[in-house]
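A.B. asks: Structure, please.
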Amino acid sequence: MVRIVEKDINVAFPQGHHQHCMVCQLPNRLRRTDFAYQVANRDAKWDQVRSILELVGAGTGNLKKLHFLLFPESTLPAACVPEALTLIKEQFRPNTVTVFGVEHIRLGEYRRWLETYREDNAEALASVTEDLEAGDVDQAPVNWCVIAVKENDGRLRVFLEAKSHPFVGEENLDALHDLYRGKVFPLFRCHPTCFNFMALICLDYVYRDLYQSNISVIIEKANQLFFETRQRLDLLAVIECNPKPEHPAFRDVVNGFYGEYLEYTPGVRDATTIFCNTAGDTDYGAGDPKATFGYSAVILHKSHKLERVRLAEFATDDFDGLPVCRLRFGRETRLYYFNLPLFHELDPRTTRVPLKIHSIFRPSRDSGWVRMSGEEMVRGVIDEDEGEGKIL
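C.D. replies: The predicted structure is shown next:
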């Protein structure tokens, strides 16, 4: 049974103005060991992640306005987490939230991470301690993520979240099928700005059992927030390493989340859902060769009336007839930088574009990042071998 705990953070977003978000669609190279999945080339992966952190820290151009930075599931080697947090603390601007997935570690090690940041993770630490005392599970693998918040006064707060449900590769690591299941999901409430957000790891978005559904718990909590405070869930960030990003299970949950078919759900109707997946050339050594990674997406309620476009790097649609507007990106390795929409009540003008892509970055030959031109976004990057653009 999962539990949502509220976390108050000192984050001041500009009132009446939208927030900015960057989705890092990077390839994962994972190798399956007798313990769990590990990052195959740790030095290369850290170099790639660090290049993005330094790009954000430099704040060139409009990047100085960044508020949310999202990396996919299982992106960062566990040994590199302290260095990443140091870089975020020293170089990032205040009021910045960074979410990144980390490779598997053992439950005993995960508890030590929770103890390091016990001030921000008291509920999760108590839950893990209870599980460790209940059985011999110290060696159970944990799929986890870090949510690093640099507050308005420069203080860095570190929140940890363990995935509650494994994917098929994680379930068959050993005879016991016992990947650790996290039970505590933080709901972040920004002050003085009224902005509420959550982060989930991949299949936690769709997981349910006989007694509970993760997404139902989130909707119920968001509705409670609305009825008691007139606030709501503003952002739901889902980080993925998913070979089937548009599997019917995800589509069905999106339909229920925004559909309001059986009851009024004001707590989530205006939420923005971001799916940050790994790039198309991800390799985790298993799975269906026909399955595809990539296609990170942003989903809004249909009331935002997002204009239909179809370009080389992105397209918009209604997810095959759902009550939503969807911004769907491609499969390539990219950094997508865009703004989050304002509520209609806060910005009633019909002329404003609700979701604007400010820039897209592609890898450069020197392992850095190059901002793509308008022509490249419209017609695609020229393939030097074939001399043609890649079109969705």
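A.B. asks: From now on I want contacts and neighbour counts done on CA atoms only, so please keep to that.
C.D. replies: OK.
A.B. asks: what residue is smack in the middle of the protein?
C.D. replies: Closest residue to the average C-alpha location of the chain: Ile239 at 3.3 Å, with C-alpha atoms, centre = their mean.
A.B. asks: pLDDT value on the spatially closest residue to Gln139 that is not a sequence neighbour, please?
C.D. replies: In space, and not counting its chain neighbours, Gln139 is closest to Arg106: 5.0 Å by C-alpha to C-alpha, 6 or more residues apart in numbering. As predicted, Arg106 sits at a pLDDT of 92.
A.B. asks: And for Met22?
C.D. replies: Model confidence at Met22, expressed as pLDDT, equals 97.
A.B. asks: Surely it is within a strand?
C.D. replies: Yes. Under DSSP: H, G, I helix; E, B strand; the rest coil, Met22 falls within a strand.
A.B. asks: Around it, how many other residues sit close by?
C.D. replies: When neighbours are defined as other C-alpha atoms under 10 Å, Met22 has 24 of them.
A.B. asks: next one: the one 3 residues further on
C.D. replies: When neighbours are counted by other C-alpha under 10 Å, Gln25 registers 30.
A.B. asks: For it, give the beta-bridge partners.
C.D. replies: Arg334 (DSSP bridges).
A.B. asks: who's in contact with it?
C.D. replies: Residues near Gln25 by C-alpha atoms under 8 Å, 6 or more residues apart in numbering: 71-72, 276-279, 294, 296, 332-336.
A.B. asks: which stretches of the stretch 151-300 of the chain form helices?
C.D. replies: 168-171, 214-229, 248-259 (DSSP state H, counting those that start in this stretch).
A.B. asks: Please identify the helix or strand for Thr129.
C.D. replies: Using DSSP states H and E, the element containing Thr129 is helix 122-134.
A.B. asks: what's that helix packed up against?
C.D. replies: helix 107-116, strand 184-192 (3 or more C-alpha pairs under 8 Å, 6 or more residues apart in numbering; DSSP states H and E).
A.B. asks: The ones you listed: which one's closest to Glu228?
C.D. replies: strand 184-192 (14.1 Å; C-alpha to C-alpha).
A.B. asks: got the angle between the closest one and helix 122-134?
C.D. replies: Following axes from the mean of the first three to the mean of the last three C-alpha atoms, to 10 degrees, one obtains 170 degrees for the angle between strand 184-192 and helix 122-134.
A.B. asks: And for strand 184-192, what's in contact with it?
C.D. replies: Here strand 184-192 has contacts from 2-12, 123-124, 127, 161-162, 195-200, using C-alpha under 8 Å, 6+ apart.
A.B. asks: List the buried residues in stretch 126-145.
C.D. replies: By 16 or more other C-alpha atoms under 10 Å, the buried positions in stretch 126-145 come out as 126, 128, 131-132, 137-145.
A.B. asks: can you pull the contacts of the residue nearest to the centre of the chain?
C.D. replies: Contacts of Ile239 were listed using C-alpha under 8 Å, 6+ apart, and they are 70-73, 100-101, 199-202, 275-277.
A.B. asks: Just the buried ones from these, in ChimeraX syntax?
C.D. replies: Applying 16+ other C-alpha under 10 Å to the contacts of Ile239 leaves a buried subset, and the ChimeraX line that selects it is:
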select :70,71,72,73,100,101,199,200,201,202,275,276,277
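A.B. asks: Would you format the contacts of Ile239 as CSV with pLDDT and distance to Pro354 included?
C.D. replies: Shown next, in CSV, are the contacts of Ile239 (pLDDT from 0 to 100; distance: C-alpha to C-alpha, whole Å):
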residue, pLDDT, distance to Pro354
Leu70, 97, 20
Phe71, 97, 23
Pro72, 96, 25
Glu73, 94, 27
Phe100, 96, 26
Gly101, 96, 28
Ala199, 97, 22
Leu200, 96, 24
Ile201, 95, 26
Cys202, 92, 26
Phe275, 97, 18
Cys276, 97, 19
Asn277, 96, 22
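A.B. asks: Any idea how many residues pack against the nearest residue to Lys183 once chain neighbours are set aside?
C.D. replies: Leaving aside its sequence neighbours, Lys183 sits nearest to Val2 (C-alpha to C-alpha, 6+ apart; 4.3 Å). Look at Val2: counted by other C-alpha under 10 Å, it has 15 neighbours.
A.B. asks: Low-confidence ranges, the protein, go.
C.D. replies: The chain contains residues with pLDDT under 70 at 168-177, 286-289, 343-353, 382-392.
A.B. asks: Tell me the secondary structure at the nearest residue in space to Phe71 that is not next to it in sequence.
C.D. replies: Leaving aside its chain neighbours, Phe71 sits nearest to Phe100 (4.6 Å; criterion: C-alpha to C-alpha, 6+ apart). Counting by three-state DSSP, the backbone at Phe100 sits in strand.
A.B. asks: partners of Phe100 in the sheet?
C.D. replies: Val146.
A.B. asks: repeat for Trp369
C.D. replies: When bridges are called by DSSP bridges, Trp369 pairs up with Pro363.
A.B. asks: Looks like it contacts Phe361 (just checking).
C.D. replies: Yes. Assessed by C-alpha atoms under 8 Å, Trp369 is found in contact with Phe361 at 5.9 Å.
A.B. asks: For stretch 28-36, buried residues please.
C.D. replies: Using 16+ other C-alpha under 10 Å as the test for burial, stretch 28-36 gives 28-30, 32, 36.
A.B. asks: how much distance is there from that stretch to the middle of the chain?
C.D. replies: 21 Å (C-alpha atoms, centre = their mean, to the nearest Å).
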